[in-house]
Each structure stands twice: as structure tokens, then as C-alpha cells.
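In: here is a sequence together with a model predicted from it:
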Amino acid sequence: AHHFRSLPGPTLTQLPSPAPPRLPSHSSSCQIVIAMESALLGMGNPLLDISSVVDQALLDKYGLQMDNQILAEEKHAGLFKELASHADVEFIAGGATQNSIRVAQWMLQIPGATSYMGSVGKDEYADKMTEVCSKDGVKVCYQVAEGTPTGTCGVCIKDGERSLVANLAAADKFEVSHVKKAENWKLVEDAKIVYSAGFFMTSSPESMTLVSEQCAKSNTIYCLNLSAPFLMEVPPFKATLMATLPNVDFLFGNENEARTFAKSEGWATEDVAEIAAKIACMPKTNGSRCRTVVFTQGMDSTVLVHNGQTKVYPVTPLAKEDLVDTNGAGDAFVGGFLSQLVCGKSLDDCVRAGHYAANVIIQQSGCKFPAKPSFNWIA
């Protein structure tokens, strides 16, 4: 049994960090640039999204379920070509962590405030992603896996919902040696926050362990996303998750992932708030801050547990006719949330920004956004 001692923690509207920069209330961006260089680092699986509207017949053909994320198997080989042949197909820079970092960068509007590591091939797809991210202001530090194509993700959209099939390819070739390179390790050391989607556990668990342990030692905020039910259902991935969890300061996920986690732990509850509270109390390496757990629930309220308190936040309502597709909504929520967290804002503001960003993204096809956010920063 684990014994916990009560640690004095912040209130819900405070964050365990230095005094936040003063921002003018009318500001639509974080205008204080001081100490924002490479403040937020993402590490994940960069993928080019191949996105198209599909019918039920295609979903049945490849055994796909809506609102689910899986890794491609042999039976999915024809899916990517089939999607690419559709008249409405779109090729969009994707990958869960990369999406979140791009959204955070868009919210911050400070070039170079974010950086990102992942593995790509030496091809046109990688060039396209580098171009998009650089244009957004993200500093990309890709490892190039020569001889392997850049990873892709089939995005099947039906009635605004999505089903994702990832073919990791080069993304699966990420090596811990890339993180250890002096210029890349400096990004780890300089970051105020490091974030990875759970999908990164499938490609480089060693990198995740190394970086999360470093964050716990240096009191850097480490954030992780549960990302998909299969990560808790496949024993090696679940083992990596449980080994990493003690180093996690902020854990994100959605209601399906929360319930799958509870089931994998043998907990007899499907109550999302209760699950969040239980995860928040699990053992933690860095005792200087408590673990915060944030679970989104689509159009239902977002649940946040922090310092023994549970808060529920209604989402920004959206008319059904304005919903284009939900692909990237969860990633966008995290990006919005982290854009405030890195500026030392309250958790209330973090959730508000997460809801704003997700609301913008679901009115676009894929993880795309207008030139500037209209989010109201609170001083």
C-alpha cells in the first residue's frame, strides 16, 4: 500500500509557478515575450493526415468504428489509397502532439515559443509538415529516418465524427539518441512545460521515460494524454503508461479513455469525475505540485481535478450545422490549455482557452485555424 502525506497545494485559481506576466486585458496574444523562447516542448508522432468524408460501407469494409483511434494493420493497407483518391481529400499536418503544439503556438502568437520533436522520412510529406509548422512559428526538430516514408493518418469523417487509422512508418523510428543531442537536450532543459500524447509510448518509450524523469528532477511541468483506449488495453503500452504516470503533473484524456483506464485498473466505476479524482491521487515522483487531471467529454462538460477539488466546466455550445468535424478537437483543447498554463494563468483560464480552441477547430476540416485567435486574454 502507498502512504500519502498531505502536501500543501495551490487553490484552483493558482498555479505553482512564478508570478505570471502582466497582460493587458484587451490583448489577443501573450505579448510579454520574456522567457517564452522554447517554453513549450512537444514530443510525439508526426503524421500527415489524409482526410476525407466517407460512407458506412467504407467503415464496414475496413472494420472501423467512429470516435476511435487505432494503429493500421495489414487489412487497412488499401484505406490510405482509397481516401487519397476521393475528390474531397485533404492532406493536413497532423499527429496528436504536433496538433496541440501548433494550436498552442497559434494562441500564443510568439514565434519560437514552442518546439517539437518527432521522426519523419526524407520525402515530400515531411517537407510539407516542416513548412506548415515553421510558418506557424513552431521550431521543428525532426529526426529523419531515411528509407522509411513519413507516417500518415487516415481520417475518416462521417456526420462530423471521425475515425482515425495511423500508419506510423517513420514516426515509429524515433530514437532516444535524438533527444540526447546537445541542441535537442537544451530544448528539454529550457522548457517550462513538456507535453506528449500517449501515442508516443508506441514509438519511443525510452524517450518518454528519460524526459519525464528529467522533468520530475528539474521541476519542469510534464503533461501526458491518455490519447486512445488501445494504449490501456495492450499490456506493453499500459506498462509504459504506468511507469510514466508518477512523473506526470497534468494528465489529459476524454471520457472513453478515462473509463478504459478505470477498467484496466479494475475499478468498479464509470463515473468520469470519480476516475479523475482517483488518478490524481496515484503516486507521484515530484511532490512539489499535485497532479491535475483533465477529462473532456465532447459536447458535455469538462471535468478537472486539482488538489483534491473537482470542478466541472460546461463547453462552448455549437450548433450542429456549424460542426465540420471533431478531428483534432481534443488536441486543440490541450493546445489552448497549455497556451495559458505556460503563461502562468489560472486553471479556469486554461480550460476556457481549451474550450475556445476546440470550438474553433471543430468548425474547420482537420487541425486548421484562422490567422489570429479572437480569444480574450485575462490580465
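Out: Nice, thanks for sending it over.

In: what ranges do the helices span in this structure?
Out: 56-61, 77-84, 96-108, 124-136, 176-180, 182-190, 200-203, 205-218, 230-233, 235-244, 255-264, 272-280, 329-341, 347-361 (DSSP state H).

In: list of residues touching the second one?
Out: Counting by C-beta atoms under 8 Å, 6 or more residues apart in numbering, helix 77-84 makes contact with 50-52, 54, 58, 62, 72, 89, 152, 154-156, 165, 167, all of which sit outside it. To be clear about C-beta, it is placed using only N, CA and C from the backbone, and glycine gets the same treatment.

In: quick one: buried residues of that helix?
Out: 79-80, 82-83 (16 or more other C-beta atoms under 10 Å).

In: what's the farthest-apart pair in those residues?
Out: Spatial extent of the buried residues of helix 77-84 (C-beta to C-beta) is set by the pair 80 and 82 at 7.2 Å.

In: hmm, back to that, closest to residue 140 among the buried residues of helix 77-84?
Out: Of these, the one sitting nearest to residue 140 (C-beta to C-beta) turns out to be residue 80, at 23.3 Å.

In: quick one: buried ones out of the contacts of helix 77-84?
Out: Judged by 16+ other C-beta under 10 Å, buried ones among the contacts of helix 77-84: 50-52, 54, 58, 62, 72, 152, 154-156, 165, 167.

In: closest to residue 259 among those?
Out: residue 165 (22.0 Å).

In: show me what the closest one is bridged to.
Out: residue 70, residue 154 (DSSP bridges).

In: which ones are touching it?
Out: 62, 64, 70-72, 76, 79, 153-154, 156.

In: now do 7 Å
Out: 64, 70, 72, 76, 79, 153-154 (C-beta atoms under 7 Å, 6 or more residues apart in numbering).

In: quick one: it from residue 228, how far?
Out: 11 Å (C-beta to C-beta, to the nearest Å).

In: one more: residue 45?
Out: Relative to residue 228, and taking C-beta to C-beta, residue 45 is found at 12 Å.

In: mutual contacts of those two, please.
Out: With C-beta under 7 Å, 6+ apart as the test, residue 45 and residue 228 both reach residue 199.

In: any chance of the buried residues of helix 77-84 in JSON lines, with pLDDT and distance to residue 249 too?
Out: Listed next are the buried residues of helix 77-84 as JSON lines, based on pLDDT from 0 to 100; distance: C-beta to C-beta, whole Å:
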{"residue": "79", "pLDDT": "96", "distance to residue 249": "37"}
{"residue": "80", "pLDDT": "92", "distance to residue 249": "36"}
{"residue": "82", "pLDDT": "94", "distance to residue 249": "41"}
{"residue": "83", "pLDDT": "95", "distance to residue 249": "37"}
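
In: with distance to residue 317 added, can I get these in TSV?
Out: Converted to TSV, the buried residues of helix 77-84 look like this (distance: C-beta to C-beta, whole Å):
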residue	distance to residue 317
79	34
80	35
82	35
83	31
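
In: and of the residues you listed, the nearest to residue 256?
Out: Distances from residue 256 to the buried residues of helix 77-84, taken by C-beta to C-beta, are shortest for residue 79, at 22.0 Å.

In: contacting residues around stretch 313-327?
Out: 51, 155, 157, 160-162, 299, 301-302, 304, 351, 355-356, 359, 362-366.

In: oh sorry, the question was meant for stretch 287-305
Out: 7, 9, 16, 219, 248-255, 258, 272-273, 276-277, 279-280, 284, 306-307, 310-315, 330, 333, 347, 351.

In: ok, of these, which come out buried?
Out: By 16+ other C-beta under 10 Å, these give 9, 248-255, 258, 272-273, 276-277, 279-280, 284, 306-307, 311, 313, 315, 330, 333, 347, 351 as buried.

In: before we move on, the earlier item: just the ones in strands from the contacts of helix 77-84, please.
Out: Using DSSP state E, the members of those that fall in strands are 50-52, 152, 154-156, 165, 167.

In: so which of residue 45 and residue 228 has more stuff around it?
Out: A direct count of neighbours by other C-beta atoms under 10 Å for residue 45 and residue 228 places residue 45 higher, at 29 against 25.

In: doesn't residue 168 make contact with the more buried one?
Out: Yes: contact criterion C-beta atoms under 7 Å: residue 45 and residue 168 qualify, at 5.9 Å.

In: what touches both of these two?
Out: What both residue 45 and residue 168 touch, as defined by C-beta under 7 Å, 6+ apart, is the set 151, 203.

In: any low-confidence regions in this structure?
Out: 1-35, 379 (pLDDT under 70).

In: now residue 327: how far from residue 81?
Out: For residue 327 relative to residue 81 (C-beta to C-beta), the value is 20 Å.

In: next: residue 296.
Out: 33 Å.

In: swap in residue 212?
Out: Distance from residue 212 to residue 81, by C-beta to C-beta: 37 Å.

In: same check on residue 156?
Out: From residue 156 to residue 81 the distance is 14 Å (C-beta to C-beta).

In: for residue 99, same thing?
Out: 24 Å.

In: then residue 222?
Out: Counting by C-beta to C-beta - residue 222 and residue 81 are separated by 39 Å.

In: who's in contact with the closest residue to residue 72 other than its chain neighbours?
Out: Spatially, and ignoring its direct neighbours in sequence, residue 72 is nearest to residue 167 (4.2 Å; C-beta to C-beta, 6 or more residues apart in numbering). Residues in contact with residue 167 (C-beta under 7 Å, 6+ apart) are 72, 80, 151-152.
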